[in-house]
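# when you get a sec, could you give me coordinates for this:
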Amino acid sequence: MSAAGHQADWRRSVDLFRSFLVEQSDPDRFYGDLAADSAAQVNAYHPLRGALLLDVGGGPGFFARAFEDHGATYVAVDADAGEMRLHGRDPGPRTVQADGTALPFPTGTFDVTYSSNVLEHVAQPWRMADDMVRITRPGGTVVVSYTLWHGPWGGHETSPWHFAGGEYAARRYRRSHGHEPKNRFGESLFAVSAREGLQWARAQSDAQILATIPRYLPKSMAWLVRVPALREVACWNLMLVLRRRGSS
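Numbering: from 1, shown residues only. Have a look, this model is predicted:
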């Protein structure tokens, strides 16, 4: 299935990269641009109008308006109370504080279950992904994207020194900045690969794969996902799109 209606071209990739550069200095612009792109991308795989959507790791709700503009009812869950109020924001009335690996919702609740750049912060990422499949209704869609450890931004604020190891990158960050990085390797940042994500998706008995794509790259670069080793570096961020099996 192709993501018709979402312009995954080079211009879009360049625009997103420019937004990434101001994540710390202008978070409203960064998250706003990313949210608008994300909602359009998800809408191309599952029409959002009238859909009940859960954003796992939704934090302070930066994505809420973008998904609601597409007609979805937006619900968010986050395990970290601090993240839920990041940049002084109010997370909103439909935000639940809970562990993403044990989501507090009945099986088959949501039309769309979504997670953006969260798996690399979870010690048991595929347990979280499994639970996302569980709470998605038959015929619904699961969208998971995450930052690849061996990509250029795998170490987050400690990049590119994570290529020399997560512990080394953290020590170097402390020496350079005089304080701990926000994302602490082995505690709130973990090395997650494309290989692991593809293995997880292919092993699903309750969901079928719709797409595996480099999230921020143009559609013309989708072939990278099929090349072992190269995909770990070049894809940067992997998006897995699955359809829950069964009658809707």
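# name the residues of stretch 28-35 that are buried.
Phe30, Tyr31, Gly32, Asp33, Leu34, Ala35 (16 or more other Cβ atoms under 10 Å). In short, each C-beta sits where N, CA and C put it, glycine included.
# adding pLDDT, write those residues out as TSV.
Shown next, in TSV, are these (pLDDT from 0 to 100):
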residue	pLDDT
Phe30	86
Tyr31	86
Gly32	88
Asp33	92
Leu34	92
Ala35	93
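# can you give me the helices for this protein?
Counting by DSSP state H, one finds helices in the chain at the ranges 10-20, 27-45, 64-69, 81-84, 125-134, 166-177, 194-202, 230-234.
# ok, of those, where does mean pLDDT dip lowest?
For the helices of the chain, the bottom mean pLDDT is recorded on helix 81-84, which sits at a mean of 56.
# reformat the buried residues of stretch 28-35 as JSON lines; add distance to Thr136.
Output for the buried residues of stretch 28-35, formatted as JSON lines (distance: Cβ to Cβ, whole Å):
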{"residue": "Phe30", "distance to Thr136": "28"}
{"residue": "Tyr31", "distance to Thr136": "24"}
{"residue": "Gly32", "distance to Thr136": "27"}
{"residue": "Asp33", "distance to Thr136": "27"}
{"residue": "Leu34", "distance to Thr136": "23"}
{"residue": "Ala35", "distance to Thr136": "21"}
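# closest one of those residues to Ala229?
Taking Cβ to Cβ as the measure, Leu34 is the one of the buried residues of stretch 28-35 closest to Ala229, at 27.6 Å.
# give me the distance between the residue lying closest to the closest one once chain neighbours are set aside and Pro106.
Using Cβ to Cβ, 6 or more residues apart in numbering and skipping the chain neighbours, the partner closest in space to Leu34 is Ser19 (6.5 Å). Going from Ser19 to Pro106 by Cβ to Cβ, to the nearest Å gives 36 Å.
# what do you get for Val118?
As defined by Cβ to Cβ, Val118 lies at a distance of 21 Å from Pro106.
# ok, the two, which is more surrounded?
Val118 (24 against 9; other Cβ atoms under 10 Å).
# for the buried residues of stretch 28-35, work out which two are farthest apart.
The farthest-apart pair in the buried residues of stretch 28-35, when distances are taken by Cβ to Cβ, is Phe30 and Ala35, at 9.4 Å.
# how's this structure carved up into domains?
Residue ranges for the domains of the chain, per automatic domain parsing: 10-147+192-244, 149-182.
# check contacts around the most centrally placed residue in the chain.
In the chain, the residue lying closest to the centroid (Cα atoms, centre = their mean) is Ser116, at 1.7 Å. By Cβ atoms under 8 Å, 6 or more residues apart in numbering, the residues touching Ser116 are Leu34, Ser38, Asp55, Gly57, Phe63, Ser145.
# who does it bridge with?
Beta-bridge partners of Ser116, counted by DSSP bridges, are Ser145.
# check the gap between it and Val133 for me.
17 Å.
# got it, and Arg65?
27 Å.
# give me the more crowded residue out of those two.
Neighbour tally, Arg65 and Val133, criterion other Cβ under 10 Å: the higher count belongs to Val133, 21 against 15.
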